[in-house]
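# Sequence and predicted structure below; questions after.
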Amino acid sequence: MIVEVKEQQDVRQLVRTLVTEKGHEKAELIPILHDINSALGYISDEAIEELSERMNIPSSHIYSVATFYRMLSTEPRGRHVIQFCESAPCHVAGGRLVWQKLQQELGLSNGETSEDEKWTLLTTSCLGVCGVGPVLVVDHDIYGNVTPEQIPGILGNYE
């Protein structure tokens, strides 16, 4: 479920809808947080407050879950999130040069979002596809055996 939600009231309605659809059992917290993250681009304070009320879970617990998982964010991210694997196999396969090219092309460092809110650049410890390193993920698209020369073309695939 990806929708454009900006107003506080809309955020609260989104949370109410998700809790109604999925249920208010604690086991549904992560799937609901994932859907909120997809809809908003991050998990806002308003969403956490409403979720706390609807699921009867302390907001501190919800916040700790939302900040524990790398796939979730409590800060706004760009329209496209790039995750770059910084594990040893990717590094040995030339990952350092690919990382440098990514930073150069985007003008971003790890954890930063571009001013136009198009890109967020993140590192991750392992994406689970070490056999095709260096690896990066743009949104849900996985790129393996990446070279620095491929970076402009990969980025060009995204509006």
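Structure received.

# Might one say that residue 119 is in contact with residue 80?
Yes - at 5.5 Å, residue 119 counts as touching residue 80 under the criterion of CB atoms under 8 Å. C-beta: built from backbone N, CA, C; applies to glycine.

# if you count what's nearby, which of these two comes out ahead?
Between residue 119 and residue 80, residue 119 has the larger neighbour count (other CB atoms under 10 Å), namely 23 against 18.

# what about the closest residue to the more buried one other than its chain neighbours, which SS state?
Leaving aside its chain neighbours, residue 119 sits nearest to residue 78 (4.4 Å; criterion: CB to CB, 6 or more residues apart in numbering). Classification of residue 78 using DSSP: H, G, I helix; E, B strand; the rest coil returns coil.

# okay but residue 78 is in contact with residue 115, surely?
No - look at residue 78 against residue 115 with CB under 8 Å: they stay out of range, at 9.9 Å.

# between these two, who's got more neighbours?
A count of neighbours by other CB under 10 Å puts residue 78 above the other of residue 78 and residue 115, at 20 against 10.

# What helix or strand is residue 122 located in?
Residue 122 is part of strand 119-124, with elements assigned from DSSP states H and E.

# what comes into contact with the strand or helix carrying residue 53?
Assigned by DSSP H and E, residue 53 falls within helix 45-55. Helix 45-55 is contacted from outside by 8, 11-12, 14-16, 19, 24, 26, 28-29, 32-33, 36, 40, 57-59, 62-63, 66, 74, using CB atoms under 8 Å, 6 or more residues apart in numbering.

# Flag every buried residue along that helix.
Residues 46, 47, 48, 49, 50, 51, 52, 54, 55 are the ones in helix 45-55 that count as buried (16 or more other CB atoms under 10 Å).

# In PDB, list the C-alpha atoms belonging to that helix.
C-alpha atoms of helix 45-55 as PDB (Å, rounded to 0.1, in the frame of the first residue of the first chain):
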ATOM      1  CA  ASP A  45       5.900  10.500  15.400                       C
ATOM      2  CA  GLU A  46       2.200  10.900  14.700                       C
ATOM      3  CA  ALA A  47       2.100   7.400  13.300                       C
ATOM      4  CA  ILE A  48       3.900   6.000  16.400                       C
ATOM      5  CA  GLU A  49       1.500   7.800  18.700                       C
ATOM      6  CA  GLU A  50      -1.600   6.600  16.900                       C
ATOM      7  CA  LEU A  51      -0.200   3.100  16.600                       C
ATOM      8  CA  SER A  52       0.500   3.100  20.400                       C
ATOM      9  CA  GLU A  53      -3.100   4.100  21.100                       C
ATOM     10  CA  ARG A  54      -4.600   1.600  18.600                       C
ATOM     11  CA  MET A  55      -2.500  -1.400  19.600                       C
END
